[in-house]
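Participant: just to be clear, the model below is a prediction. Sequence and coordinates:
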Amino acid sequence: MREASLRILPVGACAPQSDWLHRGLTAIGHNILDSGDTANPDVVLVHDPATVNATGIRAWRRRGACTLLRAWNDPKSLERCAEVAGEYDFVLTTGLADMVRLYADNGARALPVLPSSPPVVRNVPALHRDIDIVFAGRLDGAGRRHRLEFLHRAAARWRVAVATADRDLWPAAFPLDADVLDDLHRRARLAVHMDAITVNRFAVTRQCPRSRAFFGAAHRTVLLAELRQWLTHCFDPETEMVGFSDVDHALVVAAGVLEDRARVEEMADRAFKRSVREHVPAVRARQIASLATGHIPLEMSVLALGPWYQQIELPGGVTTSLLTQSNVHRWARLQPCFPDVRGRHVLDLGMNAGYFSLQCTRRGASRVVGVDSSPLACAQARFIRDMFGATQMEIVEADLTEAPRDVFDTCLLLAVLHHVADIHPVLAVATRSASTLLIEWEIRTEPYFHPIEEVVSTLDFLGWQGEIKEGGGRPILIAHRTKQTT
């Protein structure tokens, strides 16, 4: 059934940061009013908070209009509108939970909206991929030296194209022109973003603001980006993009992708399909238009608690994150040796968003207590508990060493040990009241290195015997009490 058409009055100049939103609203049948037509709009969409005061917002609301502030430049938008933010029905922020909280502190109800891709290029054939890596953006300034380092080192190995206004720093650079970027991305295999890309920084470059962070995917060019948490809500970092942490890592992962042509083509195809399905203007516009009817889309509620580390599929098919290695792959490894928790009490230390606690309830546990020191993780876990009606789940926000001293049958200690410097206090808490302990962690140098031998010896000191179920870089160990401890 077609949704009722809304009369939407934009206030303040929107281009170029939100012109995609107007296109999306029009595409799904809503009417964007002329700025001079102010009679009885259903929605007032404010793009510039400086153009509206509290009195004006209240007047629109008295007339029955849903008032939305498109805070496309957060956190700067919040700085400009803090005094009146609470007057709007909703603030559409480009941030996730941190920005939602900051708006709440100012009496406003904020919901996240991810940026949209530009319209997918159609009827224009992809050119021969004669460029390995394309980069568009600034190169000047001390804070951008890493970009030059990467580009110079990459150019010594691959075919690199650079579009920048800093022509003195890259003499062979292309101009920062939207049509040029169209051409370059259709010719390139990887599009690199050497930037702390956040949701509010849409563009490949500020000079070409319509070329958003999804631009490469629309041209079947694989995104090579500094892996920021919000990106895991846009693309699967394993199969749809390539993430890196620094220049050396970027070169390593770029080589791994460029040397595997089949992988490049598969990732590009997956990212393209993801963009067409989820990152086009009409999808974002439909979410925003639903607010005028009083309905908050589940996707927006999930993002309001983001970033999520665990991928949990919610009723209706919405997932909390596109990450899979954080829990999906781990659950596949853990299932064969997972303890029988039917009718039993389980303590989940370091529960994060509660994925493994939820699995325990599904396996028949009568009580599951999840403990995490992160307020955001606990908020996510409460959301998951309520979404699934998992009344057996209890969420405790506390340091792991302050876990409840109740009697439990099983304790889960999953992906925790490599985050603590001294494992003895955590293992002491895990073993003090349970009779079975399931441990899984990563053996890595950072943040902390804890080999299997150290964990086994610590358990032995505590009066427990550990059995290695799976070794390697991500061991799985089940431990049982061997002697009475106090």
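Facilitator: Thanks, I have the structure now.
Participant: so where do the helices sit in the stretch 201-350 of the chain?
Facilitator: 215-218, 247-258, 261-278, 281-291, 298-303, 328-334 (DSSP state H, counting those that start in this stretch).
Participant: check which helices and strands the helix or strand bottoming out on mean pLDDT in the chain is in contact with.
Facilitator: None of the helices or strands of the chain scores lower by mean pLDDT, DSSP states H and E than helix 215-218, at a mean of 80. If contacts are counted by 3 or more C-beta pairs under 8 Å, 6 or more residues apart in numbering; DSSP states H and E, helix 215-218 sits against helix 178-187, strand 188-193, strand 222-226, helix 261-278. Every residue, glycine included, has its C-beta placed from N, CA and C.
Participant: ok so, going back, want to try JSON lines for the helices of the stretch 201-350 of the chain, with mean neighbour count as columns?
Facilitator: Listed next are those as JSON lines, based on neighbours: other C-beta atoms under 10 Å:
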{"stretch": "helix 215-218", "mean neighbour count": "28"}
{"stretch": "helix 247-258", "mean neighbour count": "16"}
{"stretch": "helix 261-278", "mean neighbour count": "17"}
{"stretch": "helix 281-291", "mean neighbour count": "20"}
{"stretch": "helix 298-303", "mean neighbour count": "20"}
{"stretch": "helix 328-334", "mean neighbour count": "15"}
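Participant: which of those has the lowest mean pLDDT?
Facilitator: Ranked by mean pLDDT, the helices of the stretch 201-350 of the chain bottom out at helix 215-218, which scores a mean of 80.
Participant: out of the helices of the stretch 201-350 of the chain, which comes closest to Ser373?
Facilitator: Closest approach to Ser373 among the helices of the stretch 201-350 of the chain is made by helix 328-334 (20.5 Å; C-beta to C-beta).
Participant: one step back: of the helices and strands packed on helix 215-218, which approaches Trp158 most closely?
Facilitator: Among these, strand 188-193 comes nearest to Trp158, with 8.7 Å by C-beta to C-beta.
Participant: who does the closest one touch, helix- and strand-wise?
Facilitator: Looks like strand 188-193 contacts strand 131-136, helix 215-218, strand 222-226, helix 247-258, helix 261-278 (3+ C-beta pairs under 8 Å, 6+ apart).
Participant: contacts for that strand, please.
Facilitator: For strand 188-193, contacts defined as C-beta atoms under 8 Å, 6 or more residues apart in numbering pick out 129, 131-135, 137, 150, 154, 161, 185, 204, 213, 215-216, 219, 221-226, 242, 250, 254, 257-258, 264, 268.
Participant: quick one: the residue most central in space within the chain and Glu442, what's the gap?
Facilitator: Centroid check for the chain by C-alpha atoms, centre = their mean gives Trp230 as the closest residue, at 3.1 Å. Plainly put, Trp230 is 24 Å away from Glu442 if you go by C-beta to C-beta, to the nearest Å.
Participant: in the stretch 51-200 of the chain, which segments are predicted with low confidence?
Facilitator: The model of the stretch 51-200 of the chain has pLDDT under 70 over residues 117-127, 195-200.
Participant: give me the number of residues near Ile32?
Facilitator: Number of residues near Ile32 (other C-beta atoms under 10 Å) recorded here: 19.
Participant: tell me the pLDDT of it.
Facilitator: Predicted confidence (pLDDT) for Ile32: 91.
Participant: then the one 5 residues further on?
Facilitator: At Asp37, the pLDDT value in this model is 69.
Participant: and what of Arg212?
Facilitator: 54.
Participant: how about the helices and strands packed on helix 215-218, which one is nearest Thr38?
Facilitator: When those are compared (using C-beta to C-beta), the closest one is helix 178-187, at 32.9 Å.
Participant: how far off strand 131-136 does that closest one point, in degrees?
Facilitator: 150 degrees (axes from the mean of the first three to the mean of the last three C-alpha atoms, to 10 degrees).
Participant: Cys378: neighbouring residues, count only.
Facilitator: Neighbour tally, Cys378, other C-beta under 10 Å: 21.
Participant: ok, it - contacts?
Facilitator: Asp372, Ile395, Val396, Glu397.
Participant: with Gly256 instead?
Facilitator: Contacts of Gly256 by C-beta under 8 Å, 6+ apart: none found.
Participant: for beta bridges, what are the partners of Val68?
Facilitator: One thing to correct before we go on: residue 68 is Leu, not Val. With DSSP bridges as the criterion, Leu68 is bridged to Leu45, Phe90.
Participant: ok, it to Ser77 distance?
Facilitator: From Leu68 to Ser77 the distance is 13 Å (C-beta to C-beta).
Participant: which one (most neighbours) among the contacts of Cys378?
Facilitator: Going by other C-beta under 10 Å, Asp372 tops the contacts of Cys378 with 24 neighbours.
Participant: pretty sure it contacts Tyr355?
Facilitator: No - between Asp372 and Tyr355 there is no contact under C-beta atoms under 8 Å: 11.9 Å.
Participant: related to what we said a few turns ago, wait, doesn't the residue nearest to the centre of the chain sit right on Trp308?
Facilitator: No - using C-beta under 8 Å, Trp230 is not in contact with Trp308, being 10.4 Å away.
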